[in-house]
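Undergrad: Here's my sequence, what's the structure:
(chains A and B)
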There are 2 protein chains.
Amino acid sequence: MRVEVARHAGICYGVERALKLAEEAAESGAPVRTLGPLIHNPQAVQALRDKGVEVAASLEDASEGTLVIRSHGVSPAIIAAAGEKGLDVVDATCPFVRKAHEAAEVLVAEGYTLVIVGEPDHPEVEGIVAHAGGAALVVEDVADLPATLGTRRVGVVVQTTQSAERLAEIVEALLPRCTDLRVINTICSATAKRQEAAHEL
Amino acid sequence: MRVEVARHAGICYGVERALKLAEEAAESGAPVRTLGPLIHNPQAVQALRDKGVEVAASLEDASEGTLVIRSHGVSPAIIAAAGEKGLDVVDATCPFVRKAHEAAEVLVAEGYTLVIVGEPDHPEVEGIVAHAGGAALVVEDVADLPATLGTRRVGVVVQTTQSAERLAEIVEALLPRCTDLRVINTICSATAKRQEAAHEL
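TA: From the prediction side, this is the model:
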């Protein structure tokens, strides 16, 4: 078996940045917790623990010190609640995820019905929904689109790690049902490059 | 040979409205000219002539009385010039074409680079381009898209009589090249119904 590694692989920018921010926070010596694991990799999570960075499963698990918000982002309510608990919040939300938050906010403010292309239960998508004020339709697939949209003015944002193909399929299905369709393509550049690199293999 | 007539065929709403407005204008007895023929049908144009409605090939051919702007619409400059010549302008621009003018104006005002899906030499498209202040890229086909757009913020409007399939192809090609793609689907309902009716045959 030959293992080929794509030109763009490994830890993405947002996660790398979150790991760095957590390590920097630990250097102060105060208790540091991340709200959920920063990375899907038990060895890396253990390495952080060795540096004094624990994982909090929820806000209840963190009562003092620093709370690191991971690259997925969270709802504004969680940041606010952490502040109210007196925690020192280090918001390591990935800048690409933040763009998706902002795009969702803009589309809702401009009166578009919001469609988020992504996994409904993914923390990133939950964060985008929260930033949109909760009023969003999350679709992973064309089949998830309801029979009637109830509007012909639809705005679309995308979970940063979704594929361009998936987005295109959903936009194609929405197009004949809209008179004003605005797509803010929030797929992150790391995802786009990985997809290109995978296609190259 | 069997001739089947689609459920939605014949003179569209915008042309019917323009014919009616021209006939009403002729009832006053003053000279009435239409700026170009109102309809692609020599018999119908002759029938109008019998009622006193002549065809002006250009603004120079009309020096007095009423000038009827046909359903295709024209640039705002032509309406202004006709007013300055002292002509009584009856603007029979189709309401669906007017929506395309307004959509183009909005997209340009909001900083989108404008793409018009349509025939570059069609009078309707010339009118939309003029309403957009002249800054628009007219594409009839995916192949007409330039290699580099020079922007990732693109707004799309459509000649009212284009097909939904053509629009979808161009949107699909634009999607991966844009971070903010806004499509105002200005295909008119008569066109959409005709396309559906033709598919039914």
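Undergrad: Give me the neighbour count for the spatially closest residue to A:Gln195 that is not a sequence neighbour.
TA: Nearest residue to A:Gln195 in three dimensions, chain neighbours excluded: A:Ser163, at 6.1 Å (CB to CB, 6 or more residues apart in numbering or on different chains). Glycine gets a C-beta too; all of them are placed from N, C-alpha and C. Using other CB atoms under 10 Å in any protein chain shown, A:Ser163 has 15 other residues around it.
Undergrad: cool, and the one 10 residues further on?
TA: Summarising burial for A:Ala173: neighbours were counted as other CB under 10 Å, giving 15.
Undergrad: Quick check: it touching A:Leu145?
TA: Yes. Taking CB atoms under 8 Å as the definition, A:Ala173 is a contact partner of A:Leu145 at 5.9 Å.
Undergrad: Kindly tell me how buried whichever residue of chain A sits closest to chain B is, as a neighbour count.
TA: Distances between chain A and chain B by CB to the nearest CB are smallest at A:Arg182, namely 4.2 Å. Applying other CB under 10 Å, we find 22 residues neighbouring A:Arg182.
Undergrad: For A:Ile116, what are phi and psi?
TA: Main-chain dihedrals, A:Ile116, degrees, to the nearest 10: phi -110, psi 120.
Undergrad: meant to ask about A:Val55
TA: phi -100, psi 130.
Undergrad: Could you check how far the residue nearest to the spatial centre of chain A is from A:Val89?
TA: Nearest to the geometric centre of chain A sits A:Glu124, at 3.0 Å (CA atoms, centre = their mean). In this view, A:Glu124 and A:Val89 are 18 Å apart by CB to CB, to the nearest Å.
Undergrad: ok, back up a step: not counting sequence-adjacent ones, nearest residue to the residue nearest to the centre of chain A?
TA: A:His72 is the one closest to A:Glu124 (CB to CB, 6+ apart), at 4.4 Å.
Undergrad: Enumerate every residue touching that neighbour.
TA: A:His72 makes contact with A:Gly36, A:Thr93, A:Cys94, A:Val97, A:His122, A:Pro123, A:Glu124, A:Gly127, according to CB atoms under 8 Å, 6 or more residues apart in numbering or on different chains.
Undergrad: Repeat that for A:Thr93.
TA: A:Ile69, A:Arg70, A:Ser71, A:His72, A:Gly73, A:Val74, A:His101, A:Gly127.
Undergrad: how does it look with 10 Å?
TA: A:14, A:17-18, A:69-74, A:79, A:100-101, A:124, A:127 (CB atoms under 10 Å, 6 or more residues apart in numbering or on different chains).
Undergrad: for A:Glu23, same thing?
TA: By CB under 10 Å, 6+ apart, the residues touching A:Glu23 are A:Val32, A:Ala47, A:Leu48, A:Lys51, A:Gly52, A:Val53, A:Val68.
Undergrad: what's the answer for A:Glu54, then?
TA: Per CB under 10 Å, 6+ apart, neighbours of A:Glu54: A:Ala26, A:Pro31, A:Val32, A:Arg33, A:Thr34, A:Val45, A:Leu48, A:Asp61, A:Ala62, A:Gly65.
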